[in-house]
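A.B. asks: Quick one: sequence and predicted model below, then my questions.
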Amino acid sequence: MKIETILTEDAPRPGGHYSQAVVCNGLVFVSGQLSIDPTTGEKRLGSIEQQTEQVLNNVAAILKAANSDICRTLKMTVYVADIDLWSAVNAVYAKFMGDHRPARAVVPTGELHHGFLIEIEAIAAVNS
């Protein structure tokens, strides 16, 4: 079993002992992504809408680097600091995902580290 590690400059560099993603047996496993600008490393702590868009852009960049894309996503797990933010998150998510509707779990977490309001991890299929 071959496991490929993904690292792209188009998404935030890992801040700990983990990879942006790994690919194994035709699947991409994307680590939880935060609202961090990949170019500057700046934490984007704006509105929940701004954070959600940045997080989804980071996930999409990692999927691209792994020979996949957002429309090949099979499952997303969305961690949100306050469930009252969900309708705003879902509006950005729906616009970003378009007609593609992967399986999804929403986990209200309470406060996330560094003041972030959202974190998303994903599983996707690689392009064949």
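C.D. replies: Received the coordinates, thanks.
A.B. asks: Every contact and neighbour count from this point should use C-alpha atoms.
C.D. replies: Noted.
A.B. asks: Could I get the full set of strands for the chain?
C.D. replies: Counting by DSSP state E, the chain has strands at residues 4-6, 21-24, 27-33, 73-80, 103-108, 118-125.
A.B. asks: export those strands to CSV and tack on mean pLDDT and distance to Ala91?
C.D. replies: Formatted as CSV, the strands of the chain follow (pLDDT from 0 to 100; distance: least, C-alpha to C-alpha, whole Å):
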stretch, mean pLDDT, distance to Ala91
strand 4-6, 97, 29
strand 21-24, 98, 26
strand 27-33, 98, 19
strand 73-80, 98, 13
strand 103-108, 97, 14
strand 118-125, 98, 14
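A.B. asks: nearest to Met97, of the ones you listed?
C.D. replies: When the strands of the chain are compared by C-alpha to C-alpha, strand 73-80 sits nearest Met97, at 9.6 Å.
A.B. asks: Give me the sheet partners of the closest one and which way each runs.
C.D. replies: strand 103-108 (parallel), strand 118-125 (antiparallel) (DSSP bridges).
A.B. asks: And for the last one, what's in contact with it?
C.D. replies: Contacts with strand 118-125, where a contact means C-alpha atoms under 8 Å, 6 or more residues apart in numbering, come from 26-35, 48, 51-52, 55-56, 59, 63, 68-70, 72-81, 112.
A.B. asks: Give the buried residues for the longest helix anywhere in the chain.
C.D. replies: As assigned by DSSP state H, the longest helix anywhere in the chain is helix 48-65. Across helix 48-65, burial judged by 16 or more other C-alpha atoms under 10 Å covers 48-49, 51-65.
A.B. asks: if you average pLDDT over it, what comes out?
C.D. replies: The average pLDDT for helix 48-65 rounds to 98.
A.B. asks: Show the end-to-end separation of stretch 37-47, please.
C.D. replies: Criterion C-alpha to C-alpha, to the nearest Å; first-to-last residue distance in stretch 37-47 is 15 Å.
A.B. asks: Need the residues that contact the longest helix of the chain.
C.D. replies: Helix 48-65 is contacted from outside by 6-8, 10-12, 20-21, 28, 30, 33-38, 44-45, 69-70, 85, 88-89, 92-93, 96, 116-122, 124, using C-alpha under 8 Å, 6+ apart.
A.B. asks: That concludes my questions; thank you for your assistance.
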